[in-house]
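Participant: Return atomic coordinates for the entry below.
(chains A and B)
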Amino acid sequence: DAKTTQPNSMESNEEEPVHLPCNHSTISGTDYIHWYRQLPSQGPEYVIHGLTSNVNNRMASLAIAEDRKSSTLILHRATLRDAAVYYCILLNSNSGYALNFGKGTSLLVTP
Amino acid sequence: DAGITQSPRHKVTETGTPVTLRCHQTENHRYMYWYRQDPGHGLRLIHYSYGVKDTDKGEVSDGYSVSRSKTEDFLLTLESATSSQTSVYFCAISGLAGELYEQYFGPGTRLTVT
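Facilitator: Now for the predicted structure:
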């Protein structure tokens, strides 16, 4: 299975943009890139997903490199509520139903 | 927020006792999942269901059984709890399964087996 690599932790100032990177150099053509986050003491929360093109939704933007070997989750204006662990996950039809969360990136947002 | 509740939210039990965790949804979603989360392992899939009375095993199913007699309820049973099953258990639901669809998670159940 293709794996993802994320920094263990990142820090951002409140109201600043945040770019969370994810490397997936062995991604296959059918792998979708999903992002989830987990706030302290809560269940994971879906953020966004994409295949090849950049994607935007109310929570974030997903920028996917042209070769798809990396992607970046963009939070346009970080708030204190965005402090969470962010997980980059690859899914394809062969991965069945499981989300492989890995260790993710712990985002600290400071006032 | 997706309508998912888990009960109990916290439980302490003794080794060897049976334990049942309940996941209840009000979204009428077809797919339901049970994960466990442990330090150093992230979330791992235990069992999932793709319809009433239709279930299958996940990555870490040993020691667990599940049942789904109604669309809205998915039960996870530890027949004889062990200390290695101390964990936080999350239920998730999705309308459809696969790479195109997101899963919605419940608040979790913290289980301690002494």
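
Participant: show me the contacts for the residue lying closest to residue A:50 once chain neighbours are set aside.
Facilitator: For residue A:50, ignoring the flanking residues on the chain, the nearest one in space by CB to CB, 6 or more residues apart in numbering or on different chains is residue A:62 at 4.8 Å. All C-beta atoms are positioned from the backbone trio N, CA, C, and that covers glycine. By CB atoms under 8 Å, 6 or more residues apart in numbering or on different chains, the residues touching residue A:62 are A:33, A:35, A:48, A:49, A:50, A:54, A:55, A:56, A:71, A:72, A:73, A:74.

Participant: Following the chain onward from the host helix or strand of residue A:62, which element is next?
Facilitator: Element membership of residue A:62 [criterion: DSSP states H and E] is strand A:61-64. Where DSSP H and E defines the elements, the next helix or strand beyond strand A:61-64 is strand A:70-75.

Participant: what sits up against that following strand?
Facilitator: The contact list for strand A:70-75 (CB under 8 Å, 6+ apart) reads A:12, A:17-25, A:33, A:35, A:47-48, A:50, A:59-65, A:82, A:86, A:88.

Participant: List buried members of the residues you listed by neighbour count.
Facilitator: Using 16 or more other CB atoms under 10 Å in any protein chain shown as the burial test, the contacts of strand A:70-75 include A:12, A:18, A:20, A:22-24, A:33, A:35, A:47-48, A:50, A:60-64, A:82, A:86, A:88 as buried.

Participant: Partner strands of the strand holding residue A:62 and their direction?
Facilitator: Its sheet considered, strand A:61-64 pairs with strand A:55-56 (antiparallel), strand A:70-75 (antiparallel) by DSSP bridges.

Participant: Name the residues of stretch A:74-83 that are buried.
Facilitator: A:75, A:78, A:82, A:83.

Participant: In chain B, what helix or strand scores lowest on average pLDDT?
Facilitator: The helix or strand of chain B with the lowest confidence, counting by mean pLDDT, DSSP states H and E, is strand B:42-51 at a mean of 91.

Participant: Tell me where the model's unsure across chain B.
Facilitator: Within chain B, the segments meeting pLDDT under 70 span B:1-2, B:97-99.
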